[in-house]
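Participant: Show me how the following folds:
(one chain, ligands or ions: 1)
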Amino acid sequence: AFRPAARLGSIGVSQILRITAEAGARKRAGRPMIILGAGEPDFDTPDNVKEAAARAMRAGATKYTALDGTPELKAAVAEKFARDNALEFSADEITCGAGAKQILYNAFMASLDPGDEVIIPAPFWTSYADIVAICGGVPVVVPCGQETGFRLSGEALEAAIGPRTRWLLLNSPSNPSGAAYGAGHLRELAEVLLRHPHVWAMSDDMYEHILYDGFSFATLAAVEPALKARTLTVNGVSKAYAMTGWRIGYGGGPKALIAAMAVVQSQSTSCPSSVSQAAAVEALRGPQAIVAERRVAFQARRDLVVKALNAVEGLSCRVPEGAFYTYADCSGLLGRRTPAGEILASDTDFCRYLMDTVDVAVVPGSCFGLAPFFRISYATSEAELTEACRRIAGACAALS
Ligand code: PLP
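Facilitator: Residues are numbered from 1 along each chain as shown. Purely as a prediction, here's the structure:
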C-alpha cells in the first residue's frame with residue numbers, strides 16, 4: 001500500500017476545494033446551486049493581456065526562460081513596485097513563480113528548518129499553515145477577532161514572538177476577512193519587529209488593488225524602510241487582472257533570500273510559463289483602468305452582501321475594507337434547531353445546513369482558523385448574490 005511521507009502529516013486537499021467540488025457535482029446533477037466558495041474573480045482576463053500572450057507565442061516565446069523570471073517581467077515587476085509601493089528593487093531582488101502560492105512556498109522551503117516558527121494571524125488563508133507545515137515549520141496561529149477588526153495588534157505580535165520565530169506572515173487586504181491594515185496599523189507592528197531583529201516579515205499583498213471607500217493601501221517594507229532588508233513583499237496578477245489560470249506571482253526582497261528561493265524553484269518547476277510571463281508583462285505595464293472599474297463593481301457587491309447579512313437575525317458582518325470576501329459571525333445561530341431536528345453546533349454544521357437545504361455553498365470559518373464564522377466570496381453577479389442572501393435569510397428564519 002502507498003505510504004505518504006511523514007512531512008504531509010494530516011494535511012489533506014484544501015477543504016475549500018472539497019466544498020466547491022461537492023457543490024459543483026450537485027449543480028451538474030441539476031440542483032440550483034449557488035457557489036460562493038472559490039476565491040476567483042468572475043471577470044475575464046483583459047483582452048490586451050490575451051493579445052500579448054498570442055503575440056509572444058507567435059514570436060517564439062515558447063521555450064524555457066530564465067529561472068525566476070524573464071528580464072522583461074522582472075523589469076515590469078520592478079516598475080510596479082516603484083510605481084505603486086515606492087519600493088525600489090534591482091533584478092536580483094525580484095523573483096517570479098507559478099503564482100504567489102509558489103512564491104510563498106519557495107520562501108518557506110528556502111528558509112525554514114524543522115521547528116522554526118511562523119506567526120500567522122487568524123483568520124488566515126488556509127494554505128499558509130499547510131505550506132509552513134510541509135516545509136517543516138510550525139505555524140503559530142494568533143486569533144484576531146472581529147473586535148480588533150480581524151487585525152493583529154502590536155501587543156499580540158510581541159506576545160507571539162519567541163526565540164524560534166522566523167517569520168511574521170501578513171495579508172492585507174485579507175482572505176478571508178477582507179480586513180486591511182492601514183499605514184498606522186503597520187507602524188505599530190513595525191515598532192515591535194524593530195525590537196526583534198531575528199524575525200522576518202512576509203507581506204502577502206495579493207488583494208492590493210481591491211480596496212474600497214478610498215482606503216489607501218500600505219505595505220510593511222514601505223511603511224518602515226529599515227525592515228526592507230528582512231521583508232519579502234509578495235504579489236501577483238491572479239486577482240488584480242483576473243488571471244488565476246495563468247499562474248504568475250512575484251516577490252521582492254533581499255538578494256540572499258531571492259537566491260535561495262531560486263534554488264528551490266530550479267529543482268521544482270525550472271521557470272514559470274514563458275507565455276504567461278509575457279502576458280503578465282502586459283498586465284503590469286498596460287492600461288490599468290480596468291482594475292479601477294472592477295473595484296467599483298466589487299464594492300457594489302460587497303455593500304449588497306453586507307447589508308443583506310446584517311438584516312438577518314443571528315448573523316453579524318463587519319464591513320470589510322477590501323478583497324472580495326465577507327466573513328460573517330454566525331455565533332448567534334449556534335444551538336438552534338433545524339426543521340429536520342438537528343442542532344447547529346458549529347459553523348461547519350451551519351454551512352452544511354445551507355448547502356443541503358437551500359443549495360448555497362459557503363466556507364466555514366473553521367477552515368480559516370477562526371470560528372464560528374462563514375466566508376462568502378462575492379466575486380459573482382449581483383443577481384446571484386441577491387438570490388443567495390435571500391436563501392440564507394430564509395434558512396436562518398426556519399431555525400428554532
Ligand atoms: N495569497 C492569498 C491571500 C490568496 O487568497 C491567494 C489565492 O487565493 C494567493 C495568495 C495565491 O494566488 P496565486 O497563486 O493565484 O497567485
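Participant: neighbouring contacts of stretch 7-21?
Facilitator: Identification of contacts with stretch 7-21 by C-beta atoms under 8 Å, 6 or more residues apart in numbering yields 35, 37-39, 126-127, 130, 133-134, 136, 351, 355, 361, 363, 367. In this view, the C-beta of every residue, glycine as well, is placed from N, C-alpha and C.
Participant: hmm, I was thinking of stretch 192-202
Facilitator: Residues contacting stretch 192-202 (C-beta under 8 Å, 6+ apart): 104, 107, 111, 119, 154, 157-158, 161, 163, 165-170, 220-221, 224, 226-227, 230-232, 234.
Participant: Out of those residues, name the ones that lie in helices.
Facilitator: Among the contacts of stretch 192-202, the residues falling in helices (DSSP state H) are 104, 107, 111, 154, 157-158, 220-221.
Participant: thinking again about what came up before, and which of the contacts of stretch 7-21 is nearest to the ligand?
Facilitator: residue 39 (4.2 Å; C-beta to the nearest ligand atom).
Participant: any idea whether the closest one is helix, strand or coil?
Facilitator: Secondary structure assignment for residue 39 (DSSP: H, G, I helix; E, B strand; the rest coil): coil.
Participant: Roughly how far does it sit from residue 313?
Facilitator: 28 Å (C-beta to C-beta, to the nearest Å).
Participant: Those two: who's more crowded?
Facilitator: Ranked by neighbour count (other C-beta atoms under 10 Å), residue 39 and residue 313 place residue 39 first, with 21 against 11.
Participant: For the ligand, what's its nearest residue on this structure.
Facilitator: residue 99 (2.6 Å).
Participant: Over to residue 192: give its phi and psi.
Facilitator: phi -70, psi -50 (degrees, to the nearest 10).
Participant: tally of neighbours for it?
Facilitator: Residue 192: 20 neighbours (other C-beta under 10 Å).
Participant: Just to check, residue 399 is in contact with residue 333?
Facilitator: Yes: between residue 399 and residue 333 there is a contact under C-beta atoms under 8 Å: 6.3 Å.
Participant: Which residues are in contact with each of the two?
Facilitator: 314, 344.
Participant: and those two? which has more neighbours close in?
Facilitator: Taking other C-beta under 10 Å, residue 399 and residue 333 do not tie; residue 333 has more neighbours (20 against 17).
Participant: what's the nearest residue to the more buried one if we skip its chain neighbours?
Facilitator: Closest residue to residue 333 apart from its sequence neighbours, by C-beta to C-beta, 6 or more residues apart in numbering: residue 314 at 4.3 Å.
Participant: does the ligand sit close to stretch 23-43?
Facilitator: Yes: applying C-beta under 6 Å from any ligand atom, one finds stretch 23-43 touching the ligand at residue 39.
Participant: so how far does that stretch reach from one end to the other?
Facilitator: 21 Å (C-alpha to C-alpha, to the nearest Å).
Participant: quick one: contacts of that stretch?
Facilitator: With contacts defined as C-beta under 8 Å, 6+ apart, stretch 23-43 is touched by 16, 19-20, 175, 239, 242, 244, 294, 324-325, 355, 359-363, 376-381, 384-385, 387-388, 391.
Participant: near the ligand, from those residues?
Facilitator: Near the ligand, taking C-beta under 6 Å from any ligand atom as the test, the members of the contacts of stretch 23-43 found are 175, 244.
Participant: Would you state the strands of the stretch 201-350 of the chain in chain order?
Facilitator: Per DSSP state E, counting those that start in this stretch, the stretch 201-350 of the chain carries strands over the ranges 231-236, 249-252, 316-317, 325-329.
Participant: would you list the ones you listed in JSON lines and tack on mean neighbour count, distance to residue 346 and mean pLDDT?
Facilitator: What follows is the strands of the stretch 201-350 of the chain, written out as JSON lines (neighbours: other C-beta atoms under 10 Å; distance: least, C-beta to C-beta, whole Å; pLDDT from 0 to 100):
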{"stretch": "strand 231-236", "mean neighbour count": "27", "distance to residue 346": "32", "mean pLDDT": "98"}
{"stretch": "strand 249-252", "mean neighbour count": "28", "distance to residue 346": "33", "mean pLDDT": "98"}
{"stretch": "strand 316-317", "mean neighbour count": "19", "distance to residue 346": "17", "mean pLDDT": "97"}
{"stretch": "strand 325-329", "mean neighbour count": "25", "distance to residue 346": "13", "mean pLDDT": "98"}
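Participant: Identify whichever of the ones you listed lies nearest to residue 50.
Facilitator: strand 231-236 (17.6 Å; C-beta to C-beta).
Participant: Can you list the helices and strands that that closest one packs against?
Facilitator: On a contact count with 3 or more C-beta pairs under 8 Å, 6 or more residues apart in numbering; DSSP states H and E, strand 231-236 meets helix 71-85, helix 100-111, strand 200-204, helix 220-223, strand 249-252.
Participant: so what strands line up beside it?
Facilitator: Strand pairing for strand 231-236, using DSSP bridges, gives strand 200-204 (parallel), strand 249-252 (antiparallel).
Participant: the inter-axis angle of that strand versus helix 100-111?
Facilitator: Relative orientation of strand 231-236 versus helix 100-111 (axes from the mean of the first three to the mean of the last three C-alpha atoms, to 10 degrees): 150 degrees.
Participant: what angle sits between strand 231-236 and helix 71-85?
Facilitator: Going by the same axes, to 10 degrees, strand 231-236 makes 110 degrees with helix 71-85.
Participant: Alpha carbons of strand 231-236, as CSV, please.
Facilitator: The C-alpha atoms that make up strand 231-236 are tabulated as CSV, following Å, rounded to 0.1, in the frame of the first residue of the first chain:
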residue,chain,number,x,y,z
THR,A,231,10.9,41.6,4.3
LEU,A,232,9.6,39.7,1.3
THR,A,233,6.7,41.5,-0.4
VAL,A,234,4.6,39.1,-2.4
ASN,A,235,2.0,39.9,-5.1
GLY,A,236,0.7,38.5,-8.3
